[in-house]
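Student: sequence first, then the predicted structure, then my questions.
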Amino acid sequence: MRNSKAVLIAALFAGVAAFAPGGAIAATDYPTRAITIVVPYPAGGGVDAMARVVGQKISDAFKQPVNVENRGGGGGTIGYRAVSRAAPDGYTLLLGHTGSVSINPSLYVNLNMNPAKDFAAIGLIASMPVALLVNESFPAKTLSDIIALIKKDPGKLNLGTSAVGTGGYMCAELFKSEAGVDVAIVPYKGTAPVMNDLLGNHVPMAFGVLPPALGNLQAGKLRAIAVTSKKRFSLLPDVPTFDESGMPGFEAVLRYGLLAPAGTPPEIVEKLSAELRKLADDKEVQQRIHFEGGDPLTSTAAEYAADVAAEEKKWGGLVRKLNLKVD
């Protein structure tokens, strides 16, 4: 009888050890197998590119494979949901993006998304500005010119963007709200059709990320009026910001970061966060991020969590103000 009790007590303590201080041992040894970074969008986009840049470097640092898995659909909500429900062990991570973690929680009202509760922030990776682009034949040369032109004929000019709820679309809505202008926003299914119609002068101006436009900007077929970042974009140093162009404080950039399911041990989060911070000084990573149209960023886990909260407040407020909804 005593032996049975001893075995039972030992088993209980062993079970507790698996979840209590002993869990820190597993965190210290992490990782011991392959890590998966889920991209909540199809392959080939900016989020996918960031995941592959980061994944390769984390793999090199930890001497373990890092697989990038694309789970597109639902505007990023399918991949978001998959990672939020994954085991909180550090082996399934999310490549976070402003759209999936800061816009969608308010836009997709029936999904009950809450990044603060669903995830543990690991750290920022990069930011990508959006630019106000115009066809080469468009008469306005500056942001002030464009605002004056719109106000001269309210509701007559079209402004192209990617789909409703995307970063480009939300930048356009923010511009429309803060500039106090009446311009017709024309959302397309993606960036490529926006650029095609802008080049064909079917829409005179558009908000878009820069990589798809760079070749045509360099060829003089398009002009960049202003960028939405606080500082000038490294690849277009001669293009002013909105802040410099008469809209003080205007900022609307897309941010990329790494997140883990809520409940992931702090030791694992910090181990990953420390590696991300090292990447900001890696010349190869900097070049790759610049090539994809972004600027490297770095942060602690707490700083990224605060950034996600601030961005969700900003974009969520705009979504609610405009009463935008996606079922």
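Tutor: Looks like it arrived, so ask away.
Student: tell me the secondary structure at the closest residue to E292 other than its chain neighbours.
Tutor: Closest residue to E292 apart from its sequence neighbours, by CB to CB, 6 or more residues apart in numbering: A49 at 4.6 Å. Yep, even glycine has a C-beta here, placed from its N, CA and C like the rest. When classified by DSSP: H, G, I helix; E, B strand; the rest coil, A49 comes out as helix.
Student: and A49, how far is that from G96?
Tutor: 14 Å (CB to CB, to the nearest Å).
Student: and if you look at G293?
Tutor: From G293 to G96 the distance is 17 Å (CB to CB).
Student: between these two, point out the one with more neighbours.
Tutor: Counted by other CB atoms under 10 Å, G293 and G96 do not tie: G96 has more neighbours, with 29 against 24.
Student: ok but the more buried one is inside a strand, no?
Tutor: Yes - assessed by three-state DSSP, G96 belongs to a strand.
Student: that one is in contact with L254, isn't it?
Tutor: No - using CB atoms under 8 Å, G96 is not in contact with L254, being 10.7 Å away.
Student: ok, back up a step: quick one: neighbours of the residue nearest to E292, just the number.
Tutor: 23.
Student: for A116, which non-adjacent residue is closest in space?
Tutor: A309 (6.2 Å).
Student: could you say which helix or strand holds the one you found?
Tutor: helix 301-322 (DSSP states H and E).
Student: what do you get for A226?
Tutor: strand 222-227.
Student: what of S144?
Tutor: helix 143-152.
Student: pull the CA atoms of that helix into PDB?
Tutor: C-alpha atoms of helix 143-152 as PDB (Å, rounded to 0.1, in the frame of the first residue of the first chain):
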ATOM      1  CA  LEU A 143       0.600  66.500 -52.800                       C
ATOM      2  CA  SER A 144      -0.800  70.100 -52.400                       C
ATOM      3  CA  ASP A 145      -1.500  70.100 -56.200                       C
ATOM      4  CA  ILE A 146      -3.400  66.900 -55.900                       C
ATOM      5  CA  ILE A 147      -5.500  68.000 -52.900                       C
ATOM      6  CA  ALA A 148      -6.300  71.300 -54.700                       C
ATOM      7  CA  LEU A 149      -7.300  69.400 -57.800                       C
ATOM      8  CA  ILE A 150      -9.600  67.000 -55.900                       C
ATOM      9  CA  LYS A 151     -11.200  69.900 -54.000                       C
ATOM     10  CA  LYS A 152     -11.900  71.700 -57.300                       C
END
